[in-house]
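[1] one predicted model, sequence on top.
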Amino acid sequence: MLHLILFSVFGIICVAGAVNLLAQRHPINSALSLVVVMGSLAVEYLLLGAEFVAAVQVIVYAGAIMVLFVFVIMLLNAGEEEQTKGSHVAWLLGIPGMIALTVIVCWAVLHTQSAKVALNVNPGASKAFGNAPDIAWLLFHQFLLPFELTSILVLIAIMGAVVLAARPDSAEQSRGEG
Amino acid sequence: MVPLSYYLVLSGILFACGVTGFLIKRNIITIFMSIELMLNGVNLSFVAFAAKWQQLSGHVFVFFVMVVAAAEAAVGLAIIISVFRTRETLNIDQVNLLKL
């Protein structure tokens, strides 16, 4: 029962944050409501017994990625977005289409028999199901190759970000000096 | 105890909000945030199915999705900065060099 109450409260906060992201005109307000969505999703992960994922969600998503977003919004001094002709068409077609699709998906999921079984998270167990040592064991045995590949991906992303964000004139200058 | 279907419904609503934001928003940074919202919706269903089948691989996939999202955010925001430098705008309707 406590699980259901916590799920409902944070689920409603989560959906409210997502709708607020769409309703706000200013990007900084959208970014802050996205932080609310990610924080409440971390609580949902904890309810599912995923301790490690919840911690990483707060540190990486709500921490690192959103700081990057807020930093870029402030750097570019982004103001309110302006509406154009194309966006009115998107409003007229996009919102009813997405509402219809959501209703169909929810109806299908709620009428599936196998999805009605309550999840067994067993809070009484000595250690949680999604604890860090078990995930680390899996990462460094079964998923070792993908794990090493992500390190190369992150390295390339760092270099790409530096190359793309560097000022063109300063890049030429340093090339001329070197 | 919460049924699996509730988590899937929440994940579906988050994904739909992300797609709607992708369609109706005109600010390039907000569109990027909508993509992150979609990734979060998918992550929730990964974790819910991991709890359903008692398989830890779901958590590992969420970890990989987060790594890719972080890399994507770094490169994407760098692209946004360089677009802003050349076009002096964040409105995607004014970034129309590829249009006929």
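    Structure's in. What do you need?
[2] and stretch A:59-76, how far from the chain's centre?
    Centre-to-centre, stretch A:59-76 and its host chain are 12 Å apart (CA atoms, centre = their mean, to the nearest Å).
[3] where do the helices sit along chain B?
    Here chain B has its helices, by DSSP state H, at B:4-24, B:28-53, B:57-87.
[4] do the last one and chain A meet at all?
    Okay, so that is helix B:57-87. Yes: applying CB under 8 Å from any CB of the partner chain, one finds helix B:57-87 touching chain A at B:57, B:59-60, B:62-64, B:66-75, B:77-82, B:84-85. Heads up, the C-betas are built off the backbone N, CA and C, glycines and all.
[5] among the residues you listed, name the buried ones.
    B:59-60, B:62-64, B:66-67, B:69-75, B:77-82, B:84 (16 or more other CB atoms under 10 Å in any protein chain shown).
[6] just the helices in chain A please.
    Secondary structure of chain A (DSSP H): helices at A:2-23, A:27-47, A:51-56, A:66-76, A:85-110, A:132-141, A:144-165, A:168-177.
[7] just send those back as JSON lines, with distance to B:L14, mean neighbour count and mean pLDDT too.
    Shown next, in JSON lines, are the helices of chain A (distance: least, CB to CB, whole Å; neighbours: other CB atoms under 10 Å in any protein chain shown; pLDDT from 0 to 100):
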{"stretch": "helix A:2-23", "distance to B:L14": "6", "mean neighbour count": "17", "mean pLDDT": "93"}
{"stretch": "helix A:27-47", "distance to B:L14": "7", "mean neighbour count": "21", "mean pLDDT": "94"}
{"stretch": "helix A:51-56", "distance to B:L14": "16", "mean neighbour count": "20", "mean pLDDT": "92"}
{"stretch": "helix A:66-76", "distance to B:L14": "16", "mean neighbour count": "17", "mean pLDDT": "92"}
{"stretch": "helix A:85-110", "distance to B:L14": "10", "mean neighbour count": "14", "mean pLDDT": "84"}
{"stretch": "helix A:132-141", "distance to B:L14": "23", "mean neighbour count": "14", "mean pLDDT": "90"}
{"stretch": "helix A:144-165", "distance to B:L14": "24", "mean neighbour count": "14", "mean pLDDT": "93"}
{"stretch": "helix A:168-177", "distance to B:L14": "38", "mean neighbour count": "9", "mean pLDDT": "62"}
